[in-house]
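Colleague: Structure for this input, please:
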Amino acid sequence: MTALDDARYMGLALALARARQGHTAPNPAVGCVLVKNGRILATGATQDGGRPHAERVALDAAGAAAQGATAYVTLEPCAHHGQTPPCADALIAAAVSRVVIACLDRFPQVAGRGIARLEAAGIAVDTGLGGTAAGQLYAGFFSRVETGRPEIRVDARLRGYDATLTATTPHEAESELKAHGEAGRNRIRIAPEHPLAGRDWPTAHDR
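Modeller: Numbers count the residues shown, from 1 in each chain. Predicted structure coming up:
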C-alpha cells in the first residue's frame, strides 16, 4: 500500500463520517474502510443513535474476507464495553493485519487503550493520517468530553448538527448547552438570525 493509497482510503473514511454527522449522538460519527490487495472490501459508518459502530458495520459486511485486510478508521477504535463490545476486539477477532487511525480518541475510557490493545495483538497501527481533518470533525465531541459542553456554530444549514439552540438568553443557553452535553449531543447550531448569534461564546463552546 502506497502513501497515496493510504490517503485516498482515509479520505473516503472521513467522507463517510462527515455524511453521518448529526445522526449518531451520543456517539461521534466514525467512518471505516476495509481494504485488501488494493480492493475495497467494505465500508461502514456509525449508525443512527450511535450503534452499531462503523468498524462493526464494515466487518460484518466483509465477513471472513477481512482477514489480512487494512482498516482505515477516522477515530481510534473503542476499547471498553459500553452498549456494544469493543471495536478493537472486533478488529482483532477479524484478524486484520493493519489499522490506520486518523485521530486518537480523547474519551477517557479509550484514549490510547484501543491502540494498545491492537498492538498487543500484533496488529500494525499507524496514526495521524488525516488527523487535521479528523480533529475538525471531532471538535464538538472532544469539547463535550473535555468540558461537558458541545461545540456551537452559527450556521444557516440544518444538516450535520445534533440540535439547534432554542434558548434566547445567555442564562437559558448555558442550561440548554449543559443538557445537550449530558445527552451526548456534540454539535449545536445557532441560526444566523438568532438573538445570541453574535455572542462571544467561551472557547470551550466553539473550537
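Colleague: all contacts plus neighbour counts: C-alpha atoms, from now on.
Modeller: Will do.
Colleague: now the strands for this structure?
Modeller: Under the criterion DSSP state E, the chain contains strands at 31-36, 39-45, 70-73, 98-101, 124-127, 151-154, 163-164, 187-190.
Colleague: Pick the most buried one from those strands.
Modeller: Comparing the strands of the chain on average neighbours per residue, with mean count of other C-alpha atoms under 10 Å, the densest one is strand 70-73 at a mean of 29.
Colleague: Which strands border that strand, and is each parallel or antiparallel?
Modeller: Strands that pair with strand 70-73, judged by DSSP bridges, come out as strand 31-36 (antiparallel), strand 98-101 (parallel).
Colleague: residues in contact with that strand?
Modeller: Strand 70-73 has contacts (C-alpha atoms under 8 Å, 6 or more residues apart in numbering) with 9-10, 13, 30-36, 55, 96-102.
Colleague: hey, C-alpha coordinates of stretch 125-132 in CSV?
Modeller: Once non-C-alpha atoms are left out, stretch 125-132 reads as follows in CSV (Å, rounded to 0.1, in the frame of the first residue of the first chain):
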residue,chain,number,x,y,z
VAL,A,125,-1.1,0.6,13.8
ASP,A,126,-0.4,3.9,12.0
THR,A,127,-1.9,7.1,13.4
GLY,A,128,-2.2,10.7,12.2
LEU,A,129,-3.1,10.3,8.6
GLY,A,130,-6.0,12.8,8.0
GLY,A,131,-5.5,14.0,11.6
THR,A,132,-6.2,17.6,10.9
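Colleague: Show me which helix runs longest in this structure.
Modeller: In the chain, taking DSSP state H as the definition, the longest helix is helix 3-20.
Colleague: buried ones in that one?
Modeller: Of all the residues in helix 3-20, those buried under the rule 16 or more other C-alpha atoms under 10 Å are 6, 9-20.
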